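Colleague: output the structure for:
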Amino acid sequence: MKVVHTIQDLRDHLSGQTRIAFVPTMGNLHEGHLALMRMARQYGDPVVASIFVNPLQFGPNEDFDQYPRTLDDDVAKLEAGRDVYVVFAPSVKEMYPEPQSFRVQPPDDLGSMLEGEFRPGFLRE
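Modeller: Model (predicted):
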């Protein structure tokens with residue numbers, strides 16, 4: 001299993017592949033994640049797992065800096081499972097080379113449902 005950190009390295013490793021199964025994660029893997037990796041093998045080969053703690057997924061009062069980052073442990077778990085061909089573990093700079101600015105204004109009824117119910121304002125930022 002390879003671990004790559006750049007988009008170009010990922011493209012190089014997947015060159016010529018046509019049935020890629022992609023499982024995105026923020027790391028700190030547990031059995032649920034590993035089950036998804038096993039399931040992905042049914043739908044594609046090779047299986048690619050990403051481990052990326054995305055700052056855009058954190059609301060203004062949520063602590064991005066405190067989110068657990070356990071890359072070495074995650075890689076060991078994925079290696080043991082033998083289901084993943086390559087792990088894509090980019091830096092924030094790799095994923096967002098330019099500062100990101102965005103504004104989404106969901107309808108009020110949507111912004112207070114599901115995740116929005118527990119994270120007020122999250123879907124607006």
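
Colleague: Ala49: what secondary structure?
Modeller: strand (DSSP: H, G, I helix; E, B strand; the rest coil).

Colleague: residues in a beta bridge with it, which ones?
Modeller: Following DSSP bridges, Ala49 is listed with bridge partners Val23, Val87.

Colleague: got the contact list for it?
Modeller: Shown in contact with Ala49 (CB atoms under 8 Å, 6 or more residues apart in numbering): 22-25, 37, 78, 84, 86-88. Any C-beta I mention is one placed from the backbone N, CA and C, and that applies to glycine too.

Colleague: any chance of CSV for these, columns neighbour count?
Modeller: Formatted as CSV, those follow (neighbours: other CB atoms under 10 Å):
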residue, neighbour count
Phe22, 14
Val23, 21
Pro24, 12
Thr25, 19
Met37, 21
Leu78, 25
Val84, 24
Val86, 22
Val87, 24
Phe88, 23
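
Colleague: from these, pick the one nearest Ser112.
Modeller: Pro24 (25.9 Å; CB to CB).

Colleague: count of neighbours near the closest residue to that closest one other than its chain neighbours?
Modeller: Excluding the flanking residues, the one nearest Pro24 by CB to CB, 6 or more residues apart in numbering is Ser50, at 4.7 Å. Neighbourhood size, Ser50 [other CB atoms under 10 Å]: 18.
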